[in-house]
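Enquirer: Give me a 3D structure for the following:
(one chain, ligands or ions: 1)
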Amino acid sequence: DQELEDESDEDLEIRPPVVTVMGHVDHGKTRLLDAIRQTNVVAGEAGGITQHIGAYQVWTEHEGYERAITFIDTPGHEAFTAMRARGAQVTDMAVLVVAADDGVMPQTVEALNHAQAAGVPIVVAVNKVDKEDANPAKIRQQLTEFGLVAEEYGGDVMFVDVSARNGTGIENLLDAILLTADAGLDLRANPNKDARGVAIEARLDKGRGAVATVLIQSGTLRVGDSIVAGTAYGRVRAMSDENGVAISEAYPARAVQVQGLSSVPRAGDTFLVTEEDRTARQIAEKREAVERNAQLAKARKRISLEDFTRALEEGKVDALNLIIKGDVSGAVEALEEALLKIEVDDSVQLRIIHRGVGAVTESDVNLATVDNAIIVGFNVRPDSKARERAAREGVDIRFYSVIYAALEDIESSLKGMLKPEFEEHQSGLAEIREIFRSSKVGNIAGVLVRSGIITRNAKARVIRNGVVVGDNLAIDSLRRFKDDVTEVRDGYEAGIGLGKFNDIQIGDEIETIEMKEKVRA
Ligand code: GDP
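Expert: Sure thing, here's the model as predicted:
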């Protein structure tokens, strides 16, 4: 966007949308990506052998024009979120695959949460409509609950029935993608400048060294260009496309595999072309140093539940983002429901940005990183990757095995109740031995202090046979003989006036109370 602002309109040319396919496991993401690829009859695949390089482009006829669409072909939202965690917005749109015979499942919801969090429009592919028990209408209905309302129901989300197996509905899906892109997205880029983009996949090849697939986001990448991708740098020695065909130039929204980098960049690393080789290396080295510091700073900055409460008390935050993971959906729902019922000040917001069943995954941690959320695990634990990443990023994961304990913790945080709790503490105990009746100052109790110290400014309580008969009483007067004193120690006699409280009897006890800070576990 920054770049769009820097450029005048006439420099910008329309570019293909970049699309990610997400959805529940086994709903047909992989098969759909294959089916889409097979419809690609327009582009010449001559001589090429299909290569999985992390993305491919298909051409389709749309309203009389040949249009291209780029698909990221690592199905699933994990890669998507991992890239987003590095600050890279790679995709323009998400295709949410839902099997018509199975319906909305936990990962369907997870995928749509991720897409919505990224703010990208969604096209729903209702897959497996060839199956006997397929119920595409039910999918449309189920998804309205999650804010995806089909056009035929008066909403603005396009639903397309497809069968990845039979290859039906694929053209309609491509049309829906282009219609959605044209309706809501400004997909333009300047091809006439040095390339910039994002690495979407990379590996070390025995023969060829580091090979990285980069998605060009603006400009044109050419063989011979000096580039820096994350902390890797080098000259583009060779480029090839998803058909294994060598190419010399790559335009915006095109993904190409490049050779010639010094090391393997990570998915989500940005790349750019530099004028000189030396500059690329310098940028790479600088990035490495910056990254190291940023990692440290980020880990320090990330909020824990305690930090949140403290910040809330100081008026520095107003929203707590939560991710809830649990062992069974019932528990997750119950916890979510209970959390949303907590009554807090209007100025504080609780946002449950994602919920799901199963272990805390790396993808959960990534989402927590992007949106500065705290993860609540109910009867679940993180997998090892998630644990590692959470430790590295400083993400707070809280585990509970009883719902009320989770509720109590979060509720007190939302109310800014980190402040120490106080508990009462008996400071002195005295026994009433005599009573001096006075109509002027009220009754005066003649006491013997039995233990501790009776202090003038403490609160008093009157106890008769173990039962409290007067509570929270102010001590009006405290005297030794004729003198006003501030305290009387055990073993001494004194006169205590409790003001208007006259219901005292010989043998009653007077206890004085102090509030003391409760020691936290
Ligand atoms: P993924 O886990 O979402 O990538 O799902 P896959 O693409 O691996 O598909 C899971 C299973 O569903 C495989 O056995 C596919 O053959 C099957 N499948 C996928 N699409 C369809 C379809 O349109 N119709 C039918 N009948 N089966 C499908």
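
Enquirer: quick one: Ala181 from Glu63, how far?
Expert: To Glu63, Ala181 is 12 Å away according to Cβ to Cβ, to the nearest Å. For every residue, glycine as well, the C-beta is placed using N, CA and C.

Enquirer: More neighbours: the two, which one.
Expert: Ala181 (22 against 9; other Cβ atoms under 10 Å).

Enquirer: and Gly491, that one's in a helix?
Expert: No - counting by DSSP: H, G, I helix; E, B strand; the rest coil, Gly491 is not part of a helix but coil.

Enquirer: which stretch of helix or strand covers the closest residue to it other than its chain neighbours?
Expert: Leaving aside its chain neighbours, Gly491 sits nearest to Val449 (6.6 Å; criterion: Cβ to Cβ, 6 or more residues apart in numbering). Element membership for Val449, per DSSP states H and E: strand 444-455.

Enquirer: try Ser413
Expert: Element membership for Ser413, per DSSP H and E: helix 403-414.

Enquirer: which residues touch that helix?
Expert: With Cβ atoms under 8 Å, 6 or more residues apart in numbering as the contact definition, helix 403-414 has outside contacts at 305-306, 308-309, 312, 320, 322, 331, 334-335, 338-339, 342, 344, 348, 350, 376, 378, 398, 400, 418.

Enquirer: any idea which helix or strand comes after that helix?
Expert: Remark: after helix 403-414, the chain's next helix or strand is strand 422-436, criterion DSSP H and E.

Enquirer: could you say what helices and strands that next one packs with?
Expert: Using 3 or more Cβ pairs under 8 Å, 6 or more residues apart in numbering; DSSP states H and E, the elements in contact with strand 422-436 are strand 444-455, strand 493-497, strand 509-517.

Enquirer: And for Gly167, the neighbour number?
Expert: Residues within reach of Gly167, counting by other Cβ under 10 Å, total 15.

Enquirer: what residue is smack in the middle of this protein?
Expert: Centroid check for the chain by Cα atoms, centre = their mean gives Ala368 as the closest residue, at 3.1 Å.

Enquirer: I'd guessed the residue nearest to Gly491 sits against Ile496; true?
Expert: No - at 9.7 Å, Val449 does not count as touching Ile496 under the criterion of Cβ atoms under 8 Å.

Enquirer: Please say which of these two ends up with more neighbours.
Expert: Ile496 (25 against 22).

Enquirer: Check whether that one really touches Ala445, as I assumed.
Expert: Yes - when contacts are counted by Cβ under 8 Å, Ile496 is listed as touching Ala445 (4.7 Å).

Enquirer: Are there residues contacting both of the two? Which ones?
Expert: Between them, Ile496 and Ala445 share the contacting residues Ala430, Ile510, judged by Cβ under 8 Å, 6+ apart.

Enquirer: Identify all contacting residues around stretch 468-486.
Expert: The contact list for stretch 468-486 (Cβ under 8 Å, 6+ apart) reads 441-442, 444, 454-463, 487-488, 492-499, 501, 503, 508, 512.

Enquirer: Now a PyMOL select for only the buried ones of these.
Expert: A single PyMOL command selects the buried members of the contacts of stretch 468-486 (16 or more other Cβ atoms under 10 Å):
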select buried, resi 442+444+454+455+456+458+459+460+461+462+487+488+494+495+496+497+498+501+508+512
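
Enquirer: Can you tell me which residues in the chain are near the ligand?
Expert: For the chain, the contact set with the ligand under Cβ under 6 Å from any ligand atom comprises 23, 25-31, 75, 127-128, 130-131, 163-165.

Enquirer: residue ranges with poor pLDDT in the stretch 1-150 of the chain?
Expert: Along the stretch 1-150 of the chain, segments meeting pLDDT under 70 span 1-7, 40-48.

Enquirer: Skip the chain neighbours and tell me the closest residue to Glu285.
Expert: Counting by Cβ to Cβ, 6+ apart, the nearest residue to Glu285 once its immediate chain neighbours are dropped is Thr231, at 7.8 Å.

Enquirer: On the pLDDT front, check the one you found for me.
Expert: Thr231 is assigned 90 on the pLDDT scale.

Enquirer: got it, and Ala494?
Expert: pLDDT, read off for Ala494, is 95.

Enquirer: Just the C-alpha atoms of stretch 280-295, please, in CSV.
Expert: The C-alpha coordinates for stretch 280-295 follow below in CSV (Å, rounded to 0.1, in the frame of the first residue of the first chain):
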residue,chain,number,x,y,z
ALA,A,280,22.4,-6.8,-1.0
ARG,A,281,25.0,-8.3,1.3
GLN,A,282,25.0,-5.2,3.5
ILE,A,283,21.3,-5.2,3.8
ALA,A,284,21.3,-8.9,4.7
GLU,A,285,23.8,-8.4,7.4
LYS,A,286,22.0,-5.4,8.8
ARG,A,287,18.8,-7.3,8.8
GLU,A,288,20.4,-10.1,10.7
ALA,A,289,21.5,-7.8,13.4
VAL,A,290,18.1,-6.0,13.5
GLU,A,291,16.3,-9.2,13.6
ARG,A,292,18.2,-10.4,16.6
ASN,A,293,17.4,-7.3,18.5
ALA,A,294,13.8,-7.2,17.4
GLN,A,295,13.3,-10.7,18.6
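
Enquirer: Quick one: residues in contact with that stretch.
Expert: Outside stretch 280-295, the residues that touch it by Cβ under 8 Å, 6+ apart are Ser226, Ile227, Val228, Gly230, Thr231, Ala232, Tyr233, Gly234, Ser262, Leu272, Thr274, Arg392.

Enquirer: Check whether the fourth one really touches Thr270, as I assumed.
Expert: Yes - counting by Cβ under 8 Å, Gly230 does reach Thr270; the two are 7.2 Å apart.

Enquirer: shared neighbours, those two?
Expert: Taking Cβ under 8 Å, 6+ apart as the contact rule, Gly230 and Thr270 both touch Ala199.

Enquirer: all strands of the stretch 201-350 of the chain, in order?
Expert: Secondary structure of the stretch 201-350 of the chain by DSSP state E, counting those that start in this stretch: the strands cover 209-218, 221-222, 226-229, 232-240, 249-250, 255-261, 270-274, 319-326, 349-357.

Enquirer: Which of the residues of the chain next to the ligand are buried, as a PyMOL select command?
Expert: If you want just the buried ones from the residues of the chain next to the ligand in PyMOL, going by 16+ other Cβ under 10 Å, the selection is:
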select buried, resi 23+27+28+29+30+31+75+127+128+130+163+164
